[in-house]
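Participant: no sequence for this one, just the structure:
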């Protein structure tokens, strides 16, 4: 009755990983020599396209000159051609800017979406429709919550060149035309570490609803580490039948991480699509892309080929940081060097995507992943607040779903999905109140979060015994029933049960 574990690392389905495995097999401890030659070649390419970059710098739009003058679209175009990279519009967009609303060009990097945008209102018509009245309504409101923090951060962004100086409504009307611009509202979220982040609420103001995307962004998971390590080992030790691989003095698996500065803000908007943020003190044109808007997420994600600005380096050579050195050089040549203050050199233990990843025993045993204590505490704190108030707002439900996804994806798999109906209803509905059944679900969810244990992914040792759950359903006399049997490991005995499925549950499905 033994079934394969859903947590077993699968072969990574990208040719780049297979190429890495074969390169490690051929070059072994001499890989740093090859890497240095490749870095020299990249520097040579950057030098060769310098005249093109100089010419393109003369064509930069106003937003690009303010926000991203250091970006190197000439180098981006060159490596796009050499790599046959599917996103052919990125270099051009770093010259002309990225649209804030309207159609987002297909990058070919992420998963394609089906459907058409025939039913989406034209952004130009949307800007004109009730544009003046929207501003009138906003002017009648008082200052937003945390307006002092919003103003402070905004003034800092003005100093960095991410947006224009503050303007009056008359000045904005003169620039864009009366009723031909739509304001953005900003709010503040406080992170668990106390840092306050200003958010551009493009969903509330309708900007996201007038953005059409042809693909959906997806993220890499921490399981990438285990899958990649396992693929390398299978290539290097393909003939090994022992319980552990032979010793390899030159290899030591390590992880490094880097953070890109001003990720979304460093991706400029098109001049014709500049968004306006409105404050009681005046308004401003946002030249950098918006935080929490659909299009900027797509633009930045295509630049990094990931949904976030935390970059991962997986090293295999004991005494050389081959991957991290290459990552630093490539991003620097593209004009977006990682932040030195947030650089963590490769080691056996690192935090990545809210998860502690331990690879120090990968050569002999496997990889361990576990949620950070702060991640568990953050989820429990949000659940406690919802349980105490018996309510869950749309924004809090959305953030809680995201936190749970990261937490349970690393250890408990899909165990938290039983709470999805409650969280989705609160996130997309209009009633934040929680009834007794909802509270019971959230209490169970909190217990599961507190019990989150480390997950070990073994490469050489036999798999750990697992608990099997058999379920079946019956439909007799117009009554749906669900039954189950849990086969735990000895000395525990199997236990089973059955229950009727209420009509309300079926309707939620």
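Facilitator: Sure thing, it's come through. Model, not experiment: these values are computed from the prediction.

Participant: Burial check on residue 86, number of neighbours?
Facilitator: The tally of other residues near residue 86 (other Cβ atoms under 10 Å) stands at 12. Every residue, glycine included, has its C-beta placed from N, CA and C.

Participant: can you check the one 10 residues further on too?
Facilitator: One way to gauge burial is a neighbour count; for residue 96, by other Cβ under 10 Å, it gives 18.

Participant: quick one: it and residue 63 touch, right?
Facilitator: No. Counting by Cβ atoms under 8 Å, residue 96 stays clear of residue 63, with 9.2 Å between them.

Participant: ok, now how distant is residue 471 from residue 496?
Facilitator: 10 Å (Cβ to Cβ, to the nearest Å).

Participant: now residue 11
Facilitator: For residue 11, the distance to residue 496 - Cβ to Cβ - is 36 Å.

Participant: just residue 465 next, same as before
Facilitator: Residue 465 is 19 Å from residue 496, where distance means Cβ to Cβ.

Participant: ok, and the closest non-adjacent residue to residue 28?
Facilitator: Nearest in space to residue 28, with sequence neighbours left out and distances taken as Cβ to Cβ, 6 or more residues apart in numbering, is residue 250 at 6.4 Å.

Participant: hey, where'd the helices end up in the stretch 201-350 of the chain?
Facilitator: 223-236, 294-304, 322-333 (DSSP state H, counting those that start in this stretch).

Participant: surely residue 458 meets residue 366?
Facilitator: Yes. Using Cβ under 8 Å, residue 458 is in contact with residue 366, at 4.0 Å.

Participant: and the helices of the stretch 201-350 of the chain as TSV, adding mean pLDDT and mean neighbour count?
Facilitator: As requested, the helices of the stretch 201-350 of the chain are exported to TSV (pLDDT from 0 to 100; neighbours: other Cβ atoms under 10 Å):
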stretch	mean pLDDT	mean neighbour count
helix 223-236	89	20
helix 294-304	57	24
helix 322-333	94	19
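
Participant: Nearest residue to residue 446 in space, please, no chain neighbours.
Facilitator: residue 383 (4.4 Å).

Participant: Distance-wise, check the nearest residue to residue 187 once chain neighbours are set aside relative to residue 344.
Facilitator: Using Cβ to Cβ, 6+ apart and skipping the chain neighbours, the partner closest in space to residue 187 is residue 199 (5.5 Å). To residue 344, residue 199 is 26 Å away according to Cβ to Cβ.

Participant: Neighbour count: those two, which is higher?
Facilitator: Counted by other Cβ under 10 Å, residue 199 and residue 344 do not tie: residue 199 has more neighbours, with 18 against 15.

Participant: and that one, that's in a helix?
Facilitator: No. Residue 199 is assigned strand when assessed by DSSP: H, G, I helix; E, B strand; the rest coil, not a helix.

Participant: If I follow the layout properly, it ends up in contact with residue 185?
Facilitator: No. Judged on Cβ under 8 Å, residue 199 makes no contact with residue 185 at a distance of 9.4 Å.

Participant: sec struct for residue 85, please.
Facilitator: On the basis of three-state DSSP, residue 85 is classed as coil.

Participant: contacting residues for the residue nearest to it when sequence neighbours are not counted?
Facilitator: Distances taken as Cβ to Cβ, 6+ apart put residue 79 closest to residue 85, at 7.2 Å, once the chain neighbours are dropped. By Cβ atoms under 8 Å, 6 or more residues apart in numbering, residue 79 lies in contact with 42, 45, 85, 330.

Participant: Quickly find the element holding residue 79.
Facilitator: helix 73-83 (DSSP states H and E).

Participant: Point out where the stretch 101-250 of the chain drops to low pLDDT.
Facilitator: 115-119, 191-193, 241-243 (pLDDT under 70).
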